[in-house]
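>>> here's a sequence, model it:
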Amino acid sequence: MSFTVWLLLTGSVHTDVFQKNKYLSVRALGLTRHLINVSYNAPYYPLKMDRNAVYIFNPGFLIGFDKLLIKDSHIFWRSVQAFYIDCAIQPAMYTGTMIFKQPMFQFKKLSIGAGFGFGIDIRRSWKKYADPEIDSRLFKDWGNIEGIIGPFCEVEFLYWIDEKKQWVLNIVPGLPVIAFISAGLRFRL
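Take a look at the predicted model:
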């Protein structure tokens, strides 16, 4: 916990543009990079980009809302809602909330931010569409749906287009299993 607090409070910024109160993000999803061996399920991943399903295309979109928590701190409360197609082309959704610091580090028009929070990922059960023995290994079986609830973090690379718009690339490291990548725009409200 103390590492998270240190991570959020470090870094220096030489701009006051981030002092605006609210931002809206719209991002396209995404690319999944499996960090563990999932080749046992590869036949069930039609959108895989390689034979062993290390890289998988997961089309979808995400909407995020950031609200400044403490003036002059660059610490935001971030809420996200995503709808996407998972590895086995099942409808899925993700809802999360976190404390987010943006920027933590900045160089000219580029900045890096990070956050830590809590979320829930829900998808249609794979057991209905694949072998009953196929086990997602992490997701809890809730009948027709399955899901995972828990902590998560996000790393954001941001490029300033102008004072009201930024291009963002986000990585959600679902360690030790996946890294999920999304890209889009962030607008000051």
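>>> looking at strand pairing, list the partners for I85.
Beta-bridge partners for I85, by DSSP bridges, are P91.
>>> should've said P151
F118.
>>> test my guess that it contacts I120.
No: using Cβ atoms under 8 Å, P151 makes no contact with I120, being 11.2 Å away. Quick note: C-beta positions are derived from backbone N, CA and C, even for glycine.
>>> buried residues in stretch 90-105?
90, 92-94, 96, 98-104 (16 or more other Cβ atoms under 10 Å).
>>> do stretch 161-168 as well
In stretch 161-168, counting by 16+ other Cβ under 10 Å, buried: 166, 168.
>>> dump the buried residues of stretch 90-105 into CSV; add pLDDT as well.
Shown next, in CSV, are the buried residues of stretch 90-105 (pLDDT from 0 to 100):
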residue, pLDDT
Q90, 83
A92, 89
M93, 91
Y94, 89
G96, 91
M98, 94
I99, 95
F100, 94
K101, 93
Q102, 91
P103, 91
M104, 92
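>>> rewinding a little: more neighbours: which of P151 and I120?
I120 (13 against 10; other Cβ atoms under 10 Å).
>>> what's the burial count for the nearest residue to that one once chain neighbours are set aside?
Among residues not flanking I120 along the chain, I149 sits closest, at 4.7 Å (Cβ to Cβ, 6 or more residues apart in numbering). Summarising burial for I149: neighbours were counted as other Cβ under 10 Å, giving 10.
>>> where in this structure is pLDDT low?
Across the chain, the ranges flagged by pLDDT under 70 are 1-20, 126-144, 175-176.
>>> ranges for the strands of it?
For the chain, the strands defined by DSSP state E cover 22-34, 55-70, 75-85, 91-107, 110-124, 140-142, 145-160, 165-174, 178-188.
>>> for P43, find the nearest of those.
Among the strands of the chain, the nearest to P43 by Cβ to Cβ is strand 55-70 (13.0 Å).
>>> so what secondary structure elements neighbour the closest one?
strand 22-34, strand 75-85, strand 91-107, strand 178-188 (3 or more Cβ pairs under 8 Å, 6 or more residues apart in numbering; DSSP states H and E).
>>> packing partners of the first one?
What that stands for is strand 22-34. Counting by 3+ Cβ pairs under 8 Å, 6+ apart, strand 22-34 packs on strand 55-70, strand 75-85, strand 165-174, strand 178-188.
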